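> I would like the atomic coordinates for the input below:
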Amino acid sequence: RGDALSLLYSEIGARYYAGLAYRQLPAHAVRIKVPAKGALSAGSSPMHRNDLDHVIRIRENEDLVAPFALVRDRANWKYLLARASYPTLHLGRERWEKRLMLMDDHSGYMWSHFGEDHMGAGARLLEFGEVEPGRALPALLDDFFEECRRRGVSAVESWISPSLAARDARLAGPLVTRVEPPPVVPMWFPLDDDAAACMKRHEQTAVLHLTDVF
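Below is the predicted model of the structure:
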């Protein structure tokens, strides 16, 4: 069909798919300890379906400067939101919630997950985006960690690349440890020579989110 590459997320490690010529991408998997206390910043609320355009705009601005990113069209956004809401409808928010918070001034958003699954995680920071780096993230993290404390969650999992982690000390400081091997490994297979060469150059900075996995 003219596709440039094939991408998958392996939950059985990299060895099997490496035998099929798939190449491993860095997951930047981390575990973040929830701060014992913190401020709760005002200015964020759950995203309403009418806010989707704002979230899409923020995500597109973030991805625009990335050498490689998974770009979502509106249909994919709606699919992800529907997939995220389905377990909540059956289990209730206290047991399972994919939580998308948007700043009231539309300066940033954060998508997180609460509830244990087959991987055993109680909370995950799936992704975030900002109009300007560092402008909205502190308040969004305040809200996220406060929800963790309310639920009794002591540590969260995420994929945080060095460039994203540099935006807030809580994502790059002593509270953070690398998870090796990562529980889920992103892997790719080249289908086009030019795309393969480009991907090889930029694989360390590829923008991937846990939202696209779970």
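
> what does the least confident helix or strand in the chain by mean pLDDT rub up against?
One helix or strand of the chain scores below all others by mean pLDDT, DSSP states H and E: helix 193-202, with a mean of 87. Applying CB atoms under 8 Å, 6 or more residues apart in numbering, the external contacts of helix 193-202 come out as 4-5, 67-68, 188, 190, 206. Quick note: C-beta positions are derived from backbone N, CA and C, even for glycine.

> Just the helices from this protein, written as ranges.
Counting by DSSP state H, one finds helices in the chain at the ranges 15-18, 52-64, 74-91, 137-151, 162-165, 193-202.

> Run through the neighbouring helices and strands of the third one.
With contacts defined as 3 or more CB pairs under 8 Å, 6 or more residues apart in numbering; DSSP states H and E, the packing partners of helix 74-91 are helix 52-64, strand 97-103.

> out of the ones you listed, which comes closest to residue 28?
Closest to residue 28 of the helices and strands packed on helix 74-91 is helix 52-64 (CB to CB; 15.5 Å).

> Show me what that closest one is packed against.
Packing contacts for helix 52-64, counted by 3+ CB pairs under 8 Å, 6+ apart, involve helix 74-91, strand 97-103, strand 108-114, strand 123-130.

> What strands flank the last one, and is each parallel or antiparallel?
Based on DSSP bridges, the pairing partners of strand 123-130 within the sheet are strand 108-114 (antiparallel), strand 155-159 (parallel).
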